[in-house]
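Undergrad: Sequence first, then the predicted structure:
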Amino acid sequence: MKSLNIKYPKPSNDSKNVIYCSEICLLAFALLKLQFCFSVDAAKHMWPADLSYIYGKVNDLNGGGRPFVYQEVIDLTGNEAVHKAEYTGFGRVTEFSYGVNIGECFQGNNPIKYLKNFGTEWGFMSSDDALVFVDNHDTQRTGGSSILTYKNSKLYKMAVAFMLAWPFGVPRIMSSYSFDNNDVGPPQDGNGNIVSPGINSDNTCSNGWVCEHRWRQITNMVAFRNGVDG
């Protein structure tokens, strides 16, 4: 399944803005005519009822069923002014606490045995609402020392393997490029054009691309999850 990130105009309480946003979403689905999932960036800055209205106007997939939608809502402590629970029921919601806590365990700051009840007892949303991940493009750079990334490759592979084996939420795998500066963009040539990944004999990437999704340990665990998940 491919992902499409649509940027909406800044939300307001103006109903015309809601209608305009819904027309953008309808147009996107009409053009795609494929099974895509939709990532709604900075969803917490839009009124939940407006988002629910927009999603409700989107057509069903060609083969039937509803498109998969997940929404970025950063709520690490549960004490934010905008709560992640406000966005459940009409799309999956990013569970940022998942990556923080799993990173703490695999780095030895919390015993791994505590993961036996890793889920709602840790303050997470329900499994049916959560989109979970070890890291993403933001937390790789600004998530702090608790977040594991490709730069901690051994621990990272272990954490991702656990995520793919553990029956909680919908897991999302990171696929990134190498960087030493948080502000650097993807690999480019001398003219500023993005360089395509090279594919090595072991199926990993070159040309500055990390491609964690191609790492053997991760691809094997994806196959495992797909197998046991039916």
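TA: In hand now; what should we look at?

Undergrad: And the strands in the chain?
TA: Per DSSP state E, the chain has strands spanning 2-5, 36-40, 68-71, 92-94, 130-132, 170-171, 198-199, 205-206. These are given in chain order.

Undergrad: among the ones you listed, which is the most enclosed?
TA: Each of these was given a mean neighbour count from mean count of other CB atoms under 10 Å, and the largest, a mean of 26, is that of strand 92-94. Any C-beta I mention is one placed from the backbone N, CA and C, and that applies to glycine too.

Undergrad: What strands flank it, and is each parallel or antiparallel?
TA: In the sheet containing strand 92-94, its partner strands are strand 68-71 (parallel), strand 130-132 (parallel), by DSSP bridges.

Undergrad: Now render those as TSV, adding distance to residue 152 and mean pLDDT.
TA: Below are those laid out as TSV (distance: least, CB to CB, whole Å; pLDDT from 0 to 100):
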stretch	distance to residue 152	mean pLDDT
strand 68-71	25	94
strand 130-132	18	98
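
Undergrad: Out of those strands, the one nearest residue 120 is which?
TA: strand 130-132 (9.1 Å; CB to CB).

Undergrad: Quick check, central residue of this protein?
TA: Centre of the chain computed as the mean C-alpha position; nearest residue by CA atoms, centre = their mean is residue 172, 5.1 Å away.

Undergrad: dump the residue contacts of it.
TA: Contacts were defined as CB atoms under 8 Å, 6 or more residues apart in numbering; by that measure residue 172 touches 70, 131, 132, 133, 136.

Undergrad: Likewise for residue 171?
TA: Taking CB under 8 Å, 6+ apart as the test, what residue 171 contacts is 132, 133, 163, 164, 225.

Undergrad: As TSV, the contacts of residue 172 with distance to residue 156 would be great.
TA: Formatted as TSV, the contacts of residue 172 follow (distance: CB to CB, whole Å):
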residue	distance to residue 156
70	22
131	19
132	15
133	12
136	13
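
Undergrad: quick one: which of these is nearest to residue 103?
TA: Here the nearest of those to residue 103, counting by CB to CB, is residue 133; it sits at 11.0 Å.

Undergrad: Name the helix or strand of this protein that has the lowest mean pLDDT.
TA: Each helix and strand of the chain was given a mean pLDDT (mean pLDDT, DSSP states H and E); the minimum falls on strand 2-5 at a mean of 54.

Undergrad: From residue 139, how far out is the closest residue to residue 70 other than its chain neighbours?
TA: Of all residues beyond its chain neighbours, the one nearest residue 70 is residue 92 (4.0 Å), with distances taken as CB to CB, 6 or more residues apart in numbering. Spatial separation of residue 92 from residue 139 under the definition CB to CB, to the nearest Å is 17 Å.

Undergrad: What of residue 186?
TA: With distances taken as CB to CB, residue 186 is found 18 Å from residue 139.

Undergrad: in stretch 99-109, what counts as buried?
TA: When burial is assessed from 16 or more other CB atoms under 10 Å, stretch 99-109 yields the following buried residues: 99, 100, 101, 102, 103, 104, 105, 106.

Undergrad: Go through these and flag which are in helices.
TA: When DSSP state H defines the helices, the subset of the buried residues of stretch 99-109 inside them is 99, 100, 101, 102, 103, 104, 105, 106.

Undergrad: Report pLDDT for the closest residue to the fourth one other than its chain neighbours.
TA: Once its chain neighbours are removed from consideration, residue 102 has its nearest residue in residue 159; the separation is 5.1 Å (CB to CB, 6+ apart). Each residue has a pLDDT score; the one for residue 159 is 99.

Undergrad: Residue 159 is in contact with residue 104, isn't it?
TA: No. Here residue 159 does not reach residue 104: they are 10.3 Å apart, not a contact under CB atoms under 8 Å.
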